[in-house]
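*Asks:* Sharing a model prediction with you, sequence too.
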Amino acid sequence: MKTIYKILAVLLISLNAYCQVTQIVPLRTLSYDMPNGAYAKDLDNEFPFWIDTWEGVVNNKKYSFTFIKFAQQLRTYPNGNYRYKDLVVGKLKVTDVLTNQIIYDESSFTNYEDFIVNGNVIIGDEFHFGLYDKENHCYNSADFILVKDPNNPNQILYKDFSYDEYYECSTYQNQEDIPMFLPKVDLVLTRQ
């Protein structure tokens, strides 16, 4: 029995040694400039502005986005490399304002793997996001951009919705047939 414990201890120590942070780098560091095991950290505090609940109404639907940060998320790659990164993900809730009926709701998500709205990159005052749906929606994907309003820190512009890659599946004939709960038009979101 002691031998099994010793083997398990050595195995756990070796796994821990494999996945350790080797260097902390700024969030905007390009992937190919990062050494294996690096941690791309939000050293410049770019995320706090976005981390909140933002709401807007268009076409009789209220869209509520709640953005949260997941710190030091491990990313592994097929070649054996790994990196850590601070990430922003979003929860989406859509409500019909005429009936007050909830059309779509991700507000109960807590595990990083459950989120389908992911922050990809910040460029100036723009935060580029992607939606990467689950198997039941044929892994549908779309992109959008959030832009800071320089005149009002409590408002952002949601803009440039576009469909991304589509992999044919037997459930839906076309990508546009797959349920999409993101707004497809530009709108102003207000901090709640």
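*Replies:* That came through, no problem.

*Asks:* Apart from its neighbours in sequence, what residue is nearest Lys159?
*Replies:* Spatial nearest neighbour of Lys159, excluding adjacent residues (Cβ to Cβ, 6 or more residues apart in numbering): Asp186 at 4.3 Å. (Glycine included, C-beta is placed from N, CA and C.)

*Asks:* Residue nearest the middle of the protein, spatially speaking?
*Replies:* In the chain, the C-alpha nearest the mean C-alpha coordinate belongs to Asn118, at 1.6 Å (Cα atoms, centre = their mean).

*Asks:* what about that residue, which helix or strand?
*Replies:* strand 117-123 (DSSP states H and E).

*Asks:* helices or strands up against that strand?
*Replies:* Packed against strand 117-123 by the contact rule (3 or more Cβ pairs under 8 Å, 6 or more residues apart in numbering; DSSP states H and E) you find strand 82-96, strand 126-132.

*Asks:* any chance of the ones you listed in JSON lines, plus distance to Pro150, mean pLDDT and mean neighbour count?
*Replies:* JSON lines is the format used below for those (distance: least, Cβ to Cβ, whole Å; pLDDT from 0 to 100; neighbours: other Cβ atoms under 10 Å):
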{"stretch": "strand 82-96", "distance to Pro150": "21", "mean pLDDT": "96", "mean neighbour count": "19"}
{"stretch": "strand 126-132", "distance to Pro150": "12", "mean pLDDT": "96", "mean neighbour count": "18"}
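
*Asks:* Asp160 is nearest to which of those?
*Replies:* strand 126-132 (8.9 Å; Cβ to Cβ).

*Asks:* Contacts for that closest one, please.
*Replies:* 50, 88, 90, 116-122, 139-148, 164, 182 (Cβ atoms under 8 Å, 6 or more residues apart in numbering).

*Asks:* 6 Å - rerun?
*Replies:* 50, 116-121, 141-147, 182 (Cβ atoms under 6 Å, 6 or more residues apart in numbering).

*Asks:* Quick one: buried ones out of these?
*Replies:* Trp50, Ile116, Val117, Asn118, Gly119, Ser141, Ala142, Phe144, Ile145, Leu146, Val147, Leu182 (16 or more other Cβ atoms under 10 Å).

*Asks:* about what we covered before: isn't the residue nearest to Lys159 up against Asp160?
*Replies:* No: if you go by Cβ atoms under 6 Å, Asp186 and Asp160 don't touch, sitting 7.5 Å apart.

*Asks:* ok, back up a step: how distant is the strand holding Asn118 from the center of its chain?
*Replies:* Centre-to-centre, strand 117-123 and its host chain are 7 Å apart (Cα atoms, centre = their mean, to the nearest Å).

*Asks:* now do stretch 120-137
*Replies:* On Cα atoms, centre = their mean, the centre of stretch 120-137 falls 6 Å from the chain's centre.

*Asks:* Over to it now: how far is its first residue from its last?
*Replies:* Criterion Cα to Cα, to the nearest Å; first-to-last residue distance in stretch 120-137 is 21 Å.

*Asks:* Would you quantify the distance from the closest residue to Gln23 other than its chain neighbours to Val25?
*Replies:* Nearest residue to Gln23 in three dimensions, chain neighbours excluded: Ala38, at 4.8 Å (Cβ to Cβ, 6+ apart). For Ala38, the distance to Val25 equals 5 Å [Cβ to Cβ, to the nearest Å].
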